[in-house]
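*Asks:* Take a look and give me a structure for this.
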Amino acid sequence: QVQLVESGGGLVQAGGSLTLSCAVSGRIFSSDAMGWFRQAPGKEREFVTAISWSGGSTTYADSVKGRFTISRDIAKNTVYLQMNSLKPEDTAVYSCAAGSYRSSRPSVYNYWGQGTQVTVSS
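*Replies:* The predicted structure follows:
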């Protein structure tokens, strides 16, 4: 069983930065991957980025490429999402997820955190 707990959300002005953390407990295999997704009110869940747990390969949605950076600290079992140049349209609940391989499809991910709210004011 894997448990994921996000933290670091909050209110920030447009152009500002936030760093989200996702603490992972339980068994993570070297072949696994971690992803970040977001969901704004009235919208479908949207892929943000993903990282392979062992090799560190990453994938980004076009909407965040160049502004967001995903990373992981294997020793701390933690995944981070550094968000820069935030825009009001980045406002959403951000959730981390653990899956068997790196993908933009939510169905690949078996475990999900409860989410953390990010609000970007204009």
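*Asks:* And the residue nearest in space to the middle of the chain, how far from I28?
*Replies:* Central residue of the chain (CA atoms, centre = their mean): W36, 2.4 Å from the mean position. Remark: distance between W36 and I28 (CB to CB, to the nearest Å) = 16 Å. All C-beta spots, glycine's among them, are computed from the backbone N, C-alpha and C.
*Asks:* Also S107?
*Replies:* Counting by CB to CB - S107 and I28 are separated by 19 Å.
*Asks:* give me the element the residue nearest to the centre of the chain is part of.
*Replies:* Element membership for W36, per DSSP states H and E: strand 33-39.
*Asks:* Please name every helix or strand in contact with that strand.
*Replies:* Strand 33-39 is packed against strand 18-26, strand 46-52, strand 68-73, strand 78-83, strand 92-99, with contacts defined by 3 or more CB pairs under 8 Å, 6 or more residues apart in numbering; DSSP states H and E.
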